[in-house]
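Engineer: Fold the following and give me the result.
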Amino acid sequence: MLAAALVCTAVRETFEECGVLITSGSEGPTRPDDRWNLDRVDLTRRTIGMAEVLARRGVALDASLVVEFARWITPHWAEIRYDTRFYGAWLPDGQRADADNSEAEHGAWFRVDDAVAQSEAGYLPLMLPTYETLWRLARALRSGAPLATSVVPSTQFTVRKEAGRVAVLLTRGDTQYVAHEFTRSTTRDHGNGQPASNP
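Structural biologist: Numbering: from 1, shown residues only. All right, here's what the predicted structure looks like:
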């Protein structure tokens, strides 16, 4: 039940925030129609529900189209903690993502490799979970590796300070490794992914 609810939420948020509707129907991928933007606005205002959006087009949610790729949990020492999942999906034929939503002042779309490169060059500030997930996604896409796994391990991170450098350690399962290192000039180098001893 939780997995189905999370997929439904992911599909809804994707439609609300970037105008992409990830569904399946007898005629293939859903294509924009006259009510596309109106339904999107009404959904954001909560005057209609996702079930009505789907019913109008005769389509249904298809969990196979949405892949859970990563899961991040806020460190135990944080005052407020989050359990966040990252999902991936291919852009349906005939649809185009935009940045027209009520939750951001500015928005833009990037290819995965470009987003990683711009972040590493200092032009695109990204939070650690977002950067790390994009980095892993870029690596998976380049290698042709499948994105989905039967179990998505949760990732937690901690920080170690020594000799003027700050190391961010990621923990996945029982393995901990240095993912990033920062100097006082905030230069970031991606780690080699080798296991690290506990701080």
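
Engineer: residue boundaries of the helices in this structure?
Structural biologist: 2-18, 36-45, 50-57, 112-120, 128-143 (DSSP state H).

Engineer: Report the beta-bridge partners for the residue most central in space within the chain.
Structural biologist: Centroid-nearest residue in the chain: residue 86, 3.7 Å away (criterion: CA atoms, centre = their mean). As for beta bridges, residue 86 partners with residue 70 under DSSP bridges.

Engineer: Please tell me how far it sits from residue 134.
Structural biologist: 9 Å (CB to CB, to the nearest Å). (C-beta placed from N, C-alpha, C; glycine too.)

Engineer: Minimum distance to residue 70: which of the helices of the chain has it?
Structural biologist: Closest to residue 70 of the helices of the chain, according to CB to CB: helix 128-143, at 4.5 Å.

Engineer: Against which helices or strands is the closest one packed?
Structural biologist: The contact analysis (3 or more CB pairs under 8 Å, 6 or more residues apart in numbering; DSSP states H and E) places helix 128-143 against strand 67-73, strand 83-88, helix 112-120, strand 154-162, strand 175-182.

Engineer: what is the rounded mean pLDDT of the shortest one?
Structural biologist: Averaged over strand 83-88, pLDDT sits at 90.

Engineer: report the angle between the axes of that strand and helix 128-143?
Structural biologist: 30 degrees (axes from the mean of the first three to the mean of the last three CA atoms, to 10 degrees).

Engineer: Ok, the third one next?
Structural biologist: Using the same axes, to 10 degrees, one finds that helix 112-120 and helix 128-143 are set 140 degrees apart in direction.
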